[in-house]
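In: sequence and predicted structure are below.
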Amino acid sequence: MLGSRQQELVVSETDIDAALAHLRTLPYRPQIPMSWDRQHLLDLLREAIGNRPKINECHNIAPGVFAIIQPFGIDLLSRGEPDGRLQVWLLVRSAGTDPTRLTTLQ
């Protein structure tokens with residue numbers, strides 16, 4: 001379309017570091033350089049999010065890693081005026097499933 005531009009999408013390096021630390025502890029993963037893991041994670045993010053990210057949309061990125069799209073800086077106390085960017089929050093599940101410890105919700 002004429003006159004339209006894709007909204008800039010950013011991710012915090014601290015979120016990337018936390019996701020990589022988690023993924024590198026998973027069993028049966030090949031021992032490859034950190035830079036390859038980083039590139040693979042960024043590729044997975046781009047693929048999952050696609051070209052039209054939506055605020056509050058959640059994506060399953062990798063085992064125990066999820067991405068939520070938010071307006072940039074929404075988590076900052078004095079973020080000022082919104083600048084139009086979107087931010088990917090990476091959420092890491094800190095524990096795996098223990099089949100002997102479950103709670104039924106219904």
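Out: Perfect, thanks for sending it.

In: CA only for contacts and neighbour counts going forward, please
Out: Noted.

In: show me where the protein has helices.
Out: 13-23, 34-49 (DSSP state H).

In: low-confidence regions, the chain specifically.
Out: 1-5, 77-82 (pLDDT under 70).

In: ok so, going back, D83 is nearest to which of the helices of the chain?
Out: helix 13-23 (19.1 Å; CA to CA).

In: now that closest one: how far from the chain's centre is it?
Out: Remark: helix 13-23 is offset 9 Å from the chain centroid, using CA atoms, centre = their mean, to the nearest Å.

In: can you report how many residues neighbour R85?
Out: 14 (other CA atoms under 10 Å).

In: tell me who's in contact with it.
Out: By CA atoms under 8 Å, 6 or more residues apart in numbering, the residues touching R85 are 7-10, 71-72.

In: okay, the helices of the chain in JSON lines with mean neighbour count next?
Out: Below are the helices of the chain laid out as JSON lines (neighbours: other CA atoms under 10 Å):
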{"stretch": "helix 13-23", "mean neighbour count": "15"}
{"stretch": "helix 34-49", "mean neighbour count": "14"}
